[in-house]
Each structure stands twice: as C-alpha cells, then as structure tokens.
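sequence and computational prediction follow.
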Amino acid sequence: MRLTRLRQTLFALALVLPGHAMAQAPASPMALEAEADQRALEAAVSALRAGQYRDALSLAENLASRGNPKAAALAGSIYEQNLIDTATPEAAVRWYRRAVTGGNSDAMLGLARLGLARKGGSTPSEALTMLQRAAANGRKEALAPLGDLFLSGAAGPKDRTRAASIYAQAAAFGDADAAYAAGILYADGDPDPMDDPLKAINYLRQAAQAGRADASADYGLMLYQGRGVARDLKGAAQWFKAAAEGGDLDGAFYWALVNAKGEGTPQNLELAVQWARVSKGSSPDADRLLAQLETIAAKPKPATSKP
C-alpha cells in the first residue's frame, strides 16, 4: 500500500511539473558495494561452470572474507567436492560454518552431509542441528536425512515416532524413499509408532507407484492380506509381478507363490518354479516353496490315453 501511494505521488509530481524530468538520486555506497559483490559472485560461478576451479575458489574466498554467505557456501562446496588438489573436508566445514552464520541454507545442507559422514570435524549432532535449521528454512531435501537421524539414533536417542512423522512430511513433497520408510514404520509391528494400516498402505502405494520394487512387494502383500484395505488378490498379484521383475527377492517369492496357488492370476507351476528359483535363499519360506515345487515337477506325469 505504501509503495502504491509513493508511485501515485511521483506520478502527480510529474503532472504538476511538466517538462521537468526528475533527477535520479546517485546510488549509495552500500548499493554500489552490493552490486560489486553480486558481479564477483557471478564471476566465481561462471569460473566454476567453466572448470576453472582455482579461479572460482579465489573469487569466492575473497568475497566470503568480506562476509558474503553465498560466496562462503560456494567455497565450501568446492572444498567438499574435492575440485582442487589441496581440498580438505576441514576447509569445507570452515567455510560452510561461516556461510551458516549468514543464514545460508545450502551451507546448512553441506555441513549436514559432512557431519553425517563425520568429516572435517563435523559430527552427526551438528548435522542434526543443520538439518533442522534447513528444514525450518523450507528445504524439503533436509527432511528425509533428518528422519534417518531420528530413526538411527546416531545423534541422540532413537525416536521412531518422530522419524515417521518427518518421513510423512517428506512424502507429502513427493519423496518416494521417505514414503516407503514411513509405510514400513506404520506396519512393522513395533509400538513406536503404533501400527496404522491405513497410513502404511497409502505410503507404500505412493512408493510403489514411484517404481520402488521393494515397496511394490510390500504394498502387494498388504493387498494380499487385506490390511488397511479390502483384500485384493488380483491387485496383489500384479504388484508382486512388478516387484519380481524389478529385482526384489521377496517380490519374486510372492509372485511364485500366487502362481503356484492360482491366486489373483491363473495357476502356472512352470512360472512358479522359475520365480521360486530366483528367490532361493531369500527366506526359509522361499526355500520351502522351491523344494515343494521341484518335488511336484519331478513327479512323472500320467500317460495320456490313446483312442
């Protein structure tokens, strides 16, 4: 509203004083300095894209030493990626920490990566803080690794319920891996968090539809068992097939099983044996199924009568 009134005032002055162009105020020293810093940052980025890593680092460090957080984050990234011979994780941590003091979320994520890897003097505890700050700054890519930290307990006590909640947030942004993690936590029988079949099947469906073979197997199993949804043998068989063809051994076992029993798909013992062999060694149930199928296959077939 204030900007609108200012524009109206300027427009009114132009009408009152026709023929007199308004003189443009000279740029302040602060504005000139900001413009010069932006040009220096753009030059550093251009040098980086051109593969001139030392030039890029020199420009970034010079600018970062004057308090520019974006330049400090750029310098940290060059060190983290080992783009120069003298790169060290310690240097990356040092510049990232400088950038973080200026509120740079790229540096928060970079420092978190190093902390998770325990490099350069950073720790999982620092990574936890950085991921929380990055998430608070709207960086959705911080959510899944934040959930991993609460799930593993690498930076403090385990908190599976909080991990599930964070994975759910990441899933809402389309993260299929986080959706799968949330689905498993809500279906694994552990009281932390309490199982919720409806939540579990929804997250597993999201991950399966995104192409995760393991999620396809687990989603198919919930359809097969009727957990969180009405039992759907045909749908289960389709997802077992997708999981098996995607390389998941549990999916191969489930696909062999439904072919052997003719559940949700026409009975096909030959196909069942084929996929049971693929799943061999993945579980005692898979090995038992293979033994049973091979016993059946080894039995002599009755001779057909001739007219």
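Nice, thanks for sending it over. Numbers count the residues shown, from 1 in each chain.

buried stuff in the helix or strand that contains residue 57?
Taking DSSP states H and E as the definition, one finds residue 57 inside helix 53-64. Neighbour counts over helix 53-64 (16 or more other C-beta atoms under 10 Å) mark 53, 56-57, 59-61, 63-64 as buried. The C-beta positions use only the backbone N, C-alpha and C, and glycine is treated the same way.

what's the following helix or strand after that helix?
For helix 53-64, the following helix or strand on the C-terminal side (DSSP H and E) is helix 69-80.

for that next one, packing partners?
When contacts are defined as 3 or more C-beta pairs under 8 Å, 6 or more residues apart in numbering; DSSP states H and E, helix 69-80 packs onto helix 29-49, helix 53-64, helix 89-101, helix 105-116.

what lies in contact with that helix?
37, 40-41, 44-45, 48, 53, 56-57, 59-64, 84, 87-89, 91-96, 98-104, 106-107, 110-111, 113-114 (C-beta atoms under 8 Å, 6 or more residues apart in numbering).

same deal with stretch 254-262?
Under C-beta under 8 Å, 6+ apart, the answer for stretch 254-262 is 217, 220-221, 224, 233, 236-237, 240-241, 243-244, 263-265, 267-269, 271-276, 278-279, 286, 289-290, 293.

check stretch 127-147 too.
Contacts for stretch 127-147 (C-beta under 8 Å, 6+ apart): 100, 103, 105, 108-109, 111-116, 149, 155-156, 163-164, 166-167, 169-170, 173, 175, 177-178, 181.

same question for stretch 225-236.
187, 197-202, 220-224, 254, 258, 263-265.

buried ones in that stretch, by neighbour count?
Residues of stretch 225-236 classed as buried under the neighbour-count rule (16+ other C-beta under 10 Å) are 228-229, 232-233, 235-236.

next, the distance between the ends of that stretch.
9 Å (C-alpha to C-alpha, to the nearest Å).

quick one: average pLDDT of that stretch?
The average pLDDT within stretch 225-236 is 96.

among the contacts of stretch 225-236, the buried ones, what's the ChimeraX command?
Buried residues among those (16+ other C-beta under 10 Å), as a ChimeraX selection:
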select :187,199,200,201,202,220,221,222,223,224,254,258,264,265
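
thank you kindly, that will do.
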